[in-house]
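# Below: sequence and its predicted model.
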Amino acid sequence: MRRISRRDFVKAVGLTSVAGAIGLPMISRSAGSTAQIVVVGGGYGGATAAKYLKRYVPNSDVVLIEKNTDYYSCVFSNEVLSGESSMESIKFTYEGLAKRTINVVHALATEIDPNKKQVKTSMGKAFNYDYCVLSPGVSFNWGVIEGYDEAAAEKMPHAWKAGPQTVLLRKQLESMKDGGVVMIVAPPNPYRCPAGPYERAAQIAHYLKYHKPRGKVIIMDSKHTFTKQTLFMDGYKKHYGDMIEWRSPVDGGKVIGVDVDAGTLITDSDEYKPAVANVIPPQRAGELALKVDLADDSGWCPVDQRTFESKKYDDIFVIGDAADAGEMGKSGYGASSHAKICAAAIAARITGIEQPEPSYLNTCYSLITPEHAISVAMVYKLNDKGTIVGVEGAGGTSPRYAPEWVREREANYARGWFKNMTSDAFG
Ligand SMILES: Cc1cc2nc3c(=O)[nH]c(=O)nc-3n(C[C@H](O)[C@H](O)[C@H](O)COP(=O)(O)OP(=O)(O)OC[C@H]3O[C@@H](n4cnc5c(N)ncnc54)[C@H](O)[C@@H]3O)c2cc1C
C-alpha cells in the first residue's frame, strides 16, 4: 500500500486544514503547544515512549490512550506462577505518568484515521495528532491450533498477557493433584519473549518440587531449538532432575489441536490429557495495528527501523512487540529501547535537529530458581540496508560453566533490572 502523507491528502481535497470527525468531541492541541502526540498502548513500549516524548519535547501535548487502569507486567509473571512473586508485585499504575502532565486516557482506541490524523476511542472521543505512536503488543492467531480460541483459553490458559490469565493458570496449578503432568505448548517464532516458555517450565517445576514433588512438566514445542537452550537444559537438570522434559517436533512435540471438553492436546500421532494445559498460541501484532492495516502478510508491522515510522502511513510510529524490528527479539526491554529511539526521532522532527545515530539494546534474564538466573544481552545497530542487526562482540549469553555465585548474582541483577525498567516506564 502507498504511504499517504497529510500533505498529499490536504492537496487532494484542496483544504488547508483537516476538519475533525463529525459528531465526535475532538481533543486538539492546547495553547502554545508545539505538537500533539498520541500514544496508544501503555505497556513497556507505550508508557516509556509517552514519558520520553514529554521529556524531550516538554511543551508538546502527550496523550496516552490505554484501555486498562492498571498494567500487569508479563515480565516476572512466571514468578507469580511459582508463587515466588505476587500479582501486586507485577502491577503498575499510570499515576507517575499523569504527574508528568501526560494526559492518560483509559479507553480502547478503536480506530486510527491516517488521513484525518485522528485516533478514535470507545469513549466517543477523537484525538487529533501530529504524531501517533502505537505500541499495542501482540494478538493471538486463534484457530491455528485447531479448537484453540478465546473461549478455550478460559479452560486451557495461555497466560501470555498478564492479568486474569496468570491468576487462572496459578489456580489450576494449585488445584492439581501431586503426580499430575503440566504441559506447556510453546509457540512458533516469532513471538513475545523467546525465553518465556522455558523460564515458565522452570518456575512451574520450582512450585511442584516443593508442593507436588511427583509432578512433571512437559514442554511441547513446534520449534527444533530455542534460545539459551543449553543453559536452560543444564539448569533444569541441576535443580529439577528429570522433572522437566522438552519435546521438539521430532519427538512428537508439535501440538496441532486441542479438545477443550475432553481436556486433550492433539499431535499428529498422539493425544494427551495433562492435568494442566498451558497453551501459548502463535502470535501477531496487536489487533488495532491489524485493523488499521499497519501490518503486512507476516502479521507484524513493517517500519523504518531508524525511527519506527510505519512504512505504510506517515506520522504513525509502531514500536514494541508489534513492530518488525529486524534481529531484535520481542521483549519488554527491547520495547523500551524502541520507545526511546522513536521518541528521539519524533523530537528531532519537531525541533528540526538531526536524529542521532540510534543504538538499540536488549537484555533478557530468565530465572530457573530464585537464586539461579541466566541472561542474554545484545547491542544492535542499523546496517547499510536499514535493518537492525546485532553488533559483533557486543553481547552474548551467560557462560555455560559458571559457579553458582555467578547464577545468584544474575538473579539479583534480574530483580534490579526489573525495578529499573518498570520505574523507567511508569515512574
Ligand atoms: C511470560 C512472559 C515473560 C516475559 N518476560 C520478559 C522478560 O523477562 N524480559 C523482557 O524484556 N520481556 C519479557 N516478556 C515480554 C514483554 O512482556 C513484552 O515484550 C512487552 O510487554 C512488549 O511491550 P509492548 O509495549 O509491545 O506491549 P505490552 O506491554 O503488551 O503493552 C501493550 C498495551 O497496549 C494496550 N492496548 C492494546 N491495544 C489497545 C487499544 N486498542 N487501545 C488501548 N490500549 C490498547 C494493552 O492494554 C497493553 O497495556 C515476557 C512476556 C511473557 C508473556
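Arrived safely, thanks for sending.
# Would you enumerate the residues in contact with the closest residue to the ligand within the stretch 201-350 of the chain?
The nearest approach of the stretch 201-350 of the chain to the ligand comes at Gly320, 2.3 Å away (Cβ to the nearest ligand atom). Where you see a C-beta, it was placed from the backbone N, CA and C, and this is true even at glycine. Gly320 makes contact with 41, 43-46, 135-137, 330, 334-335, 338-339 under the criterion Cβ atoms under 8 Å, 6 or more residues apart in numbering.
# Report the separation between the closest residue to it other than its chain neighbours and Asp384.
Spatial nearest neighbour of Gly320, excluding adjacent residues (Cβ to Cβ, 6 or more residues apart in numbering): Gly45 at 3.0 Å. Applying Cβ to Cβ, to the nearest Å, the value for Gly45 to Asp384 is 26 Å.
# Mind checking which of those two has more residues around it?
Gly45 (31 against 5; other Cβ atoms under 10 Å).
# Could you look up the SS state of the more buried one?
helix (DSSP: H, G, I helix; E, B strand; the rest coil).
# right, and it touches Ser337 too?
No - using Cβ atoms under 8 Å, Gly45 makes no contact with Ser337, being 9.4 Å away.
# Show me the strands in the stretch 151-300 of the chain, by range?
Here the stretch 151-300 of the chain has its strands, by DSSP state E, counting those that start in this stretch, at 181-186, 216-221, 244-247, 255-259, 264-267, 271-272, 276-279, 283-285.
# how close does the closest residue to Ile90 other than its chain neighbours get to the ligand?
Nearest non-adjacent residue to Ile90, counting by Cβ to Cβ, 6+ apart: Ser73, 4.4 Å away. Separation of Ser73 from the ligand (Cβ to the nearest ligand atom, to the nearest Å): 7 Å.
# pLDDT score for Ser73?
Per-residue confidence (pLDDT) for Ser73: 98.
# Could you check how many residues crowd around it?
The number of residues packed near Ser73 is 22, by other Cβ under 10 Å.
# Tell me which residues touch the closest residue to the ligand within the chain, please.
Nearest to the ligand in the chain, going by Cβ to the nearest ligand atom, is Gly43, at a distance of 1.9 Å. Applying Cβ under 8 Å, 6+ apart, one finds that Gly43 lies in contact with Tyr71, Ser135, Gly137, Gly320, Gly332, Ala335.
# Please report phi then psi for the second one.
Okay, so that is Ser135. phi -140, psi 70 (degrees, to the nearest 10).
# likewise His338?
According to degrees, to the nearest 10, His338 has phi -60, psi -40.
# Isn't it up against Gly45?
Yes - counting by Cβ under 8 Å, His338 touches Gly45, with 6.0 Å between them.
# intersection of neighbour lists for those two?
Ile319, Gly320.
# Near the nearest residue to Asp130 once chain neighbours are set aside, how many other residues are there?
Computed as Cβ to Cβ, 6+ apart, the closest residue to Asp130 that is not its neighbour in sequence is Ala35, at 4.6 Å. Burial measure for Ala35: 19 neighbouring residues, criterion other Cβ under 10 Å.
# Same check on Cys74?
24.
# Tell me how far Asp261 lies from Gln165.
Separation of Asp261 from Gln165 (Cβ to Cβ): 20 Å.
# Also Leu173?
Taken as Cβ to Cβ, the span from Leu173 to Gln165 is 13 Å.
# Give the residue from those two that has the larger number of neighbours.
Neighbours were counted for Leu173 and for Gln165 using other Cβ under 10 Å; Leu173 has more, 23 against 18.
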